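Engineer: how would this look folded up:
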Amino acid sequence: MLNVSKRGVALIGLLVLLAGCNSTPKVKKQVVMAPKEAAMANVRTLGIASVNGRHGNGYRANDDNIRAKVSTFLAGVSAPGKPGFTLVDNQKMQAIIDHQRRTESSQYDSDTAIRLGKLTGADSLINFDYFISAVKDERYNKDYTDYDTCVKYKKDGKKCKEYKRRTESCTKRKISVELNPTVVDVTSGSILLAKTYTSNRVSKKCPSKGNTLATSEEMVTASFDEIFTKMRKDIYFYPLVLELKLIESDDSDMPKKAEMHLENAIEFVEQDMVDRACKQIQKAAATYSESPAIMYNMGICQDIKGNKDVAKGFFEKALEYKTYLDSSDKELVYSAIRRMEGKEDLDKHNEKQKTTLGSLFN
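Structural biologist: Residues are numbered from 1 along each chain as shown. Prediction:
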């Protein structure tokens with residue numbers, strides 16, 4: 001395992017090409033990030049203790065509907081090399097809660113949560129409070145171009161120069177959803193997570209578009225999907241693909257042979273042949289060791305193999321010759337060292353690289 005962040009990021013993947021001929025060559029490295037809410041990292045067996053909420057007019061739901069949504073979400077949470085949560089069966093959980101309330105004649109509180117956890121075998125319990133607003137439809141006017149009605153033609157009298165502008169009455173439908181999960185540790189009774197997640201959805205309908213308004217059920221489902229996406233990184237380990245740029249050249253007195261190996265390496269990366277690229281970089285390093293580009297690229301090769309300490313050594317060696325680098329390449333070296341020391345926010349690292357990661361988790 002390779003730790004590359006304060007929360008213990010684990011190296012789990014290899015690398016693939018992400019480079020075009022006209023862009024700086026890059027490689028990808030997949031890592032598993034610890035939950036953003038650090039206290040959630042040790043949660044393994046989770047029981048849904050309660051789901052309570054209210055909703056406005058226009059949406060027919062009950063707590064069982066929402067419980068099904070959150071249960072499906074939690075059951076699908078996982079990460080490479082991680083099993084995901086073990087969920088206590090909902091029926092079993094509810095039966096124990098009902099029994100506790102009948103026998104103790106008490107309200108559900110944190111002390112009860114601890115007892116429930118011990119009875120169900122859960123190490124943590126989660127409570128959900130939610131609010132679904134009333135569905136609100138608003139009318140508004142919108143100008144649009146009627147491409148079927150020409151009001152001015154060009155000189156040839158055939159092609160239209162100006163189309164008629166019209167105003168139509170449209171409908172805007174709004175709905176808001178708020179979800180407040182609270183996770184309690186069964187052993188200590190301490191709160192591991194207490195956050196508020198919100199989603200505001202809008203659906204529009206205009207006659208000229210020929211579209212229809214989304215139903216309240218569709219909008220609520222979309223709202224919960226949005227909330228779960230926000231919540232996902234907070235509660236469990238999640239995969240992240242790091243984009244690591246290579247340095248193509250520098251201003252050092254690199255001999256022709258070393259330069260040739262480095263050029264070959266870049267070409268191999270662009271052909272998705274990273275193993276061969278690293279072999280070429282090794283040959284370049286054996287020929288010339290005073291090139292910051294070669295030293296940095298050697299560090300990248302060690303980084304993707306999981307050799308953190310060796311990688312850091314090469315990055316620091318590159319830093320010794322930083323005067324041969326331009327400002328952007330110097331920042332690559334500084335960034336690499338910060339990553340090795342766990343001082344770099346890896347999500348922000350990818351933002352700086354202007355990366356498109358796509359959907360990496362459910």
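Engineer: any chance you could map the strands in this structure?
Structural biologist: Counting by DSSP state E, the chain has these strands, from start to end: 10-11, 26-33, 45-55, 86-87, 124-132, 136-153, 160-185, 191-194, 197-205, 238-245.
Engineer: In JSON lines, list the ones you listed along with mean neighbour count.
Structural biologist: No exception for glycine: its C-beta is placed from N, CA and C like everyone else's. What follows is these, written out as JSON lines (neighbours: other C-beta atoms under 10 Å):
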{"stretch": "strand 10-11", "mean neighbour count": "20"}
{"stretch": "strand 26-33", "mean neighbour count": "20"}
{"stretch": "strand 45-55", "mean neighbour count": "20"}
{"stretch": "strand 86-87", "mean neighbour count": "16"}
{"stretch": "strand 124-132", "mean neighbour count": "21"}
{"stretch": "strand 136-153", "mean neighbour count": "11"}
{"stretch": "strand 160-185", "mean neighbour count": "17"}
{"stretch": "strand 191-194", "mean neighbour count": "16"}
{"stretch": "strand 197-205", "mean neighbour count": "16"}
{"stretch": "strand 238-245", "mean neighbour count": "21"}
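Engineer: So which of those strands is nearest G76?
Structural biologist: Evaluated over these, closeness to G76 peaks at strand 86-87, with 10.5 Å, by C-beta to C-beta.
Engineer: Pretty sure A258 sits against E290.
Structural biologist: No - using C-beta atoms under 8 Å, A258 is not in contact with E290; the gap is 9.6 Å.
Engineer: Between the two, which is the more surrounded one?
Structural biologist: A258 (23 against 15; other C-beta atoms under 10 Å).
Engineer: List the residues that contact the more buried one.
Structural biologist: Taking C-beta atoms under 8 Å, 6 or more residues apart in numbering, we find A258 in contact with A284, T287, Y288, S291, I294.
Engineer: swap in R201?
Structural biologist: Taking C-beta under 8 Å, 6+ apart, one finds K174, I175, S176, V177, A214, M219, V220, A222, S223, E226 in contact with R201.
Engineer: what do you get for K312?
Structural biologist: The contact partners of K312, by C-beta under 8 Å, 6+ apart, come to G299, I337, M340, E341.
Engineer: quick one: it from M340, how far?
Structural biologist: From K312 across to M340, the span is 4 Å (C-beta to C-beta, to the nearest Å).
Engineer: Quick check: nearest residue in space to C301, chain neighbours excluded?
Structural biologist: C278 (3.9 Å; C-beta to C-beta, 6 or more residues apart in numbering).
Engineer: should've said Y236
Structural biologist: Distances taken as C-beta to C-beta, 6+ apart place V77 nearest to Y236, at 4.9 Å, with adjacent residues excluded.
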